[in-house]
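>>> how would this look folded up:
(chains A and B)
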Number of protein chains: 2
Amino acid sequence: MENRITSIFNIKYPIISGGMVWCSGWRLAAAVSNAGGLGLIGSGSMTPDILREHIRKCKDATDKPFGVNVPIFFRHTQETMDVILEEKVPIVFTSAGHPILWTAKLHDAGIKVAHVIANTKYAIKCEEAGVDAIVAEGFEAGGHNGKEETGTMVLIPQIRKEISIPLIAAGGIATGAGMLAAFALGAEGVQMGTRFALSQESSASNEFKTLCTQLHEGDTMLALKKITPARLVKNELYKEIEKAENRGATAEELQEIMGKGRARKGMFEGDLSNGELEIGQITSLINDIPTVESIIKNMITEYNAQLKKLYPM
Amino acid sequence: MENRITSIFNIKYPIISGGMVWCSGWRLAAAVSNAGGLGLIGSGSMTPDILREHIRKCKDATDKPFGVNVPIFFRHTQETMDVILEEKVPIVFTSAGHPILWTAKLHDAGIKVAHVIANTKYAIKCEEAGVDAIVAEGFEAGGHNGKEETGTMVLIPQIRKEISIPLIAAGGIATGAGMLAAFALGAEGVQMGTRFALSQESSASNEFKTLCTQLHEGDTMLALKKITPARLVKNELYKEIEKAENRGATAEELQEIMGKGRARKGMFEGDLSNGELEIGQITSLINDIPTVESIIKNMITEYNAQLKKLYPM
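As a prediction, the model looks like this:
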């Protein structure tokens, strides 16, 4: 099986691990690439120096293509991009900003570029900016999320209708059945965050991973809509946010509750009560913390098995 | 193509029209059944007498099976069920209540029963109550919605994993591609509201239908979470609700803003500013108001075309 996504990124399976803060270090990225997918290092929680270290370790751990995700409105984006260029990383996924800002510069260095969006308006901007592929991320996704709250089931056919460049689906996908559904809707690849965050090779704390395998439907919720919408686990911090939101708290008040370093505290240090815990809705379907290799192997098996069950009408 | 859904309801295609208030009269139900799907009359906006009239007209208009949707926590449920039993309606879809309340009584009369849910907890109750099929409705759906806000992409595999009885997917589905995706996730049928609400045979006002064909992503939103979550078009009424919610309005205050008869006013009478306009997210993908026959014909064509594009990995 080959398609535009496997060709552009020179990978075996059109399966990409999202560049997640505090989860996507070199170990996870290298494991995904070694298993035939595309591993991304998540630079959002790294200083440029730490990113360089992760890139170098990833190069040592795999000879397959890998990439870096860069949320472009973050601090030190220029330095982050300098490291990426100096280290000759072959693939960059940009997010959280306008695709016009970096696409041409990265292309000039021979880097393949994908951009993450959550609505058609930005998908069209991506096409205009000349990105190689788009990641369309639905409401089900963990962490930062679109203001339109469009579910993956609606977002993918909507974007597919409007743009012609290669399309990667994200949000609510963790299995072969999910991948097949995304393909049925017109996607040519999937980006998974939650499934890979809850793998052996993820750099998240064991406390966070274990908690997530025990969550049920409704245990994550989209919050902080007055700042930037984010899907969070309903822990003590969330309950404080919810209470504030229910009484009509302003963006400033919410910002004050959040303070700084909450994601690190929760996801990396394992403070499950006071930390910001970002994970997708599909965590309710996940009850194990396997290796990346077995995740991808099982996905392909399930994808093929589900495909065989479909019949024409 | 035959599966458990087509067998149970004795229909050609596993496509069901949701029983929508102010949209699903006898014309729509009969048209869907005549086109090979399962048409439902929506009793939620009907008195028992008016329901009887719709059932009789539906019988005159089709010799195919059709059903009635009954939101069981509504007023005059007993009288509604009496009419259904007297008129020997072959199929009932219950919703908005506990499936144990009516399933056995309906089964005793030889009626097939499906129940609409939005989470696994209620899916299990359905299985225990002995319903013939479950409709699992995701976050993308219009009108009343689950508190967990689970997207269809997550809800369907989650329910499929927990229960073994036939499963109908709803929420965010309006096309053959959407139906194929639902089947990939483990569903055996689809229930569509929005697509059929925006058909020639829907009893909604032309003003409402036309507005919905012009909506974009983000133009519907889940509101009224302090009462019962409902997906609404962002019209003037919605903006009033949003403003109140942002300042922390209580359930009672929201109830007062809503008042009575808002759905009738908006969807049936066409007061687009002051009415409650219930429609699903997938409305952004819909730009026409075709006949039911052409909707179903196009769905089957697209389903088969999309299926042909899928390949093993």
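>>> going forward, measure contacts between C-alpha atoms and count neighbours the same way
Noted.
>>> Quick check: which element contains A:L40?
For A:L40, the enclosing helix or strand under DSSP states H and E is strand A:39-42.
>>> Using PDB, list the CA coordinates for that strand.
Extracted C-alpha coordinates of strand A:39-42, given in PDB (Å, rounded to 0.1, in the frame of the first residue of the first chain):
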ATOM      1  CA  GLY A  39       7.800   9.900  14.400                       C
ATOM      2  CA  LEU A  40       7.700  13.500  15.500                       C
ATOM      3  CA  ILE A  41       9.600  15.100  18.300                       C
ATOM      4  CA  GLY A  42       7.400  17.600  20.100                       C
END
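>>> who touches the next helix or strand after it?
Using DSSP H and E, the helix or strand that follows strand A:39-42 in sequence is helix A:48-61. Helix A:48-61 is contacted from outside by A:25-27, A:29-30, A:41, A:43, A:76, A:79-80, A:83-84, A:87, A:89, using CA atoms under 8 Å, 6 or more residues apart in numbering or on different chains.
>>> residues contacting the nearest residue to A:A29 once chain neighbours are set aside?
Spatial nearest neighbour of A:A29, chain neighbours left out: A:G39 (3.8 Å); criterion: CA to CA, 6 or more residues apart in numbering or on different chains. By CA under 8 Å, 6+ apart, the contact set of A:G39 is A:I16, A:S17, A:G18, A:L28, A:A29, A:A30, A:A31, A:V32, A:S33, A:P65, A:F66, A:G67.
>>> Highest neighbour count among the residues you listed?
Greatest neighbour count in these, by other CA atoms under 10 Å in any protein chain shown, goes to A:A29: 35 neighbours.
>>> Where does the stretch 1-150 of chain A get nearest to chain B, which residue?
Nearest to chain B in the stretch 1-150 of chain A, going by CA to the nearest CA, is A:E148, at a distance of 4.0 Å.
>>> Surely that residue and B:G218 touch.
Yes. Counting by CA atoms under 8 Å, A:E148 sits close enough to B:G218 to count as a contact (4.0 Å).
>>> thinking again about what came up before, can you tell me who the residue nearest to A:A29 pairs with across the strands?
Beta-bridge pairing for A:G39 (DSSP bridges): A:F66.
>>> quick revisit: now, the most widely separated pair of the contacts of helix A:48-61?
Maximum pairwise distance among these (CA to CA): 24.4 Å, between A:A30 and A:H76.
>>> Surely A:I295 is in a helix?
Yes. The assignment for A:I295 (DSSP: H, G, I helix; E, B strand; the rest coil) places it in a helix.
>>> so how far is A:G36 from it?
For A:I295, the distance to A:G36 equals 11 Å [CA to CA, to the nearest Å].
>>> same check, this time on A:A169
From A:A169 across to A:G36, the span is 18 Å (CA to CA).
>>> between these two, who's got more neighbours?
Between A:A169 and A:G36, counted using other CA under 10 Å, the more crowded position is A:A169 (32 against 21).
>>> right, and the secondary structure at the more buried one would be what?
Assignment for A:A169 (three-state DSSP): strand.
>>> OK, contacts around the closest residue to it other than its chain neighbours?
Spatial nearest neighbour of A:A169, chain neighbours left out: A:V190 (4.7 Å); criterion: CA to CA, 6+ apart. A:V190 sits next to A:P14, A:I15, A:I16, A:I168, A:A169, A:A170, A:I173, A:M179, A:A182 when contact means CA under 8 Å, 6+ apart.
>>> Among those, the buried ones, what's the PyMOL command?
This is how PyMOL selects the buried members of the contacts of A:V190, with burial counted by 16 or more other CA atoms under 10 Å in any protein chain shown:
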select buried, chain A and resi 14+15+16+168+169+170+173+179+182
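>>> so A:H115, which of the three states?
Three-state call for A:H115 (three-state DSSP): strand.
>>> residues near it, how many?
30.
>>> which ones are touching the residue lying closest to it once chain neighbours are set aside?
Closest residue to A:H115 apart from its sequence neighbours, by CA to CA, 6+ apart: A:T94 at 4.7 Å. By CA under 8 Å, 6+ apart, A:T94 lies in contact with A:N69, A:V70, A:P71, A:I72, A:V113, A:A114, A:H115, A:V116.
>>> please redo it, this time with the cut-off set to 6 Å
For A:T94, the contact set (CA atoms under 6 Å, 6 or more residues apart in numbering or on different chains) comprises A:N69, A:V70, A:P71, A:H115.
>>> most neighbours, which of those residues?
A:H115 (30 neighbours).
>>> Might one say that it is in contact with A:I91?
No. Contact criterion CA atoms under 6 Å: A:H115 and A:I91 do not qualify, at 11.0 Å.
>>> residues from the stretch 201-313 of chain A in reach of chain B?
Within the stretch 201-313 of chain A, the positions near chain B by CA under 6 Å from any CA of the partner chain are A:G218, A:N246, A:R247, A:G248, A:I282, A:N304, A:P312, A:M313.
>>> of those residues, buried ones?
A:G218, A:N246, A:G248, A:I282, A:N304.
>>> Can you tell me which of those lies closest to B:I134?
Nearest to B:I134 out of those is A:G218 (CA to CA; 19.4 Å).
>>> Torsion angles phi and psi at the closest one?
With angles defined as degrees, to the nearest 10, A:G218 sits at phi 80, psi 0.
>>> What residues does the stretch 1-150 of chain A have near chain B?
So the stretch 1-150 of chain A meets chain B at A:M1, A:E148 (CA under 6 Å from any CA).
>>> at 8 Å instead, please
By CA under 8 Å from any CA of the partner chain, the residues of the stretch 1-150 of chain A that approach chain B are A:M1, A:Y13, A:N119, A:T120, A:F139, A:E140, A:K147, A:E148, A:E149, A:T150.
>>> What about the residues you listed, which are in helices?
Within those, residues falling in helices by DSSP state H are A:T120.
>>> Among the residues of the stretch 1-150 of chain A next to chain B, the buried ones, what's the ChimeraX command?
The command below creates a ChimeraX selection of those among the residues of the stretch 1-150 of chain A next to chain B that count as buried (16+ other CA under 10 Å):
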select /A:13,119,120,139,140,147,148,149,150
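>>> and the residues of the stretch 1-150 of chain A next to chain B, which two are the farthest apart?
A:M1 and A:K147 (35.1 Å).
>>> pretty sure A:L277 contacts A:G270?
No. In this structure A:L277 lies outside contact range of A:G270 using CA under 8 Å: 9.3 Å.
>>> what do these two both touch?
With CA under 8 Å, 6+ apart, A:L277 and A:G270 have common neighbours A:F208.
>>> More neighbours: the two, which one.
Legend: neighbour count by other CA under 10 Å for A:L277 and A:G270, higher for A:L277 (30 against 21).
>>> just to revisit the earlier point, could the contacts of helix A:48-61 go into JSON lines alongside pLDDT and secondary structure?
Shown next, in JSON lines, are these (pLDDT from 0 to 100; DSSP: H, G, I helix; E, B strand; the rest coil):
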{"residue": "A:G25", "pLDDT": "98", "secondary structure": "coil"}
{"residue": "A:W26", "pLDDT": "98", "secondary structure": "helix"}
{"residue": "A:R27", "pLDDT": "98", "secondary structure": "helix"}
{"residue": "A:A29", "pLDDT": "98", "secondary structure": "helix"}
{"residue": "A:A30", "pLDDT": "98", "secondary structure": "helix"}
{"residue": "A:I41", "pLDDT": "98", "secondary structure": "strand"}
{"residue": "A:S43", "pLDDT": "97", "secondary structure": "helix"}
{"residue": "A:H76", "pLDDT": "92", "secondary structure": "coil"}
{"residue": "A:E79", "pLDDT": "97", "secondary structure": "helix"}
{"residue": "A:T80", "pLDDT": "98", "secondary structure": "helix"}
{"residue": "A:V83", "pLDDT": "98", "secondary structure": "helix"}
{"residue": "A:I84", "pLDDT": "98", "secondary structure": "helix"}
{"residue": "A:E87", "pLDDT": "98", "secondary structure": "coil"}
{"residue": "A:V89", "pLDDT": "98", "secondary structure": "coil"}
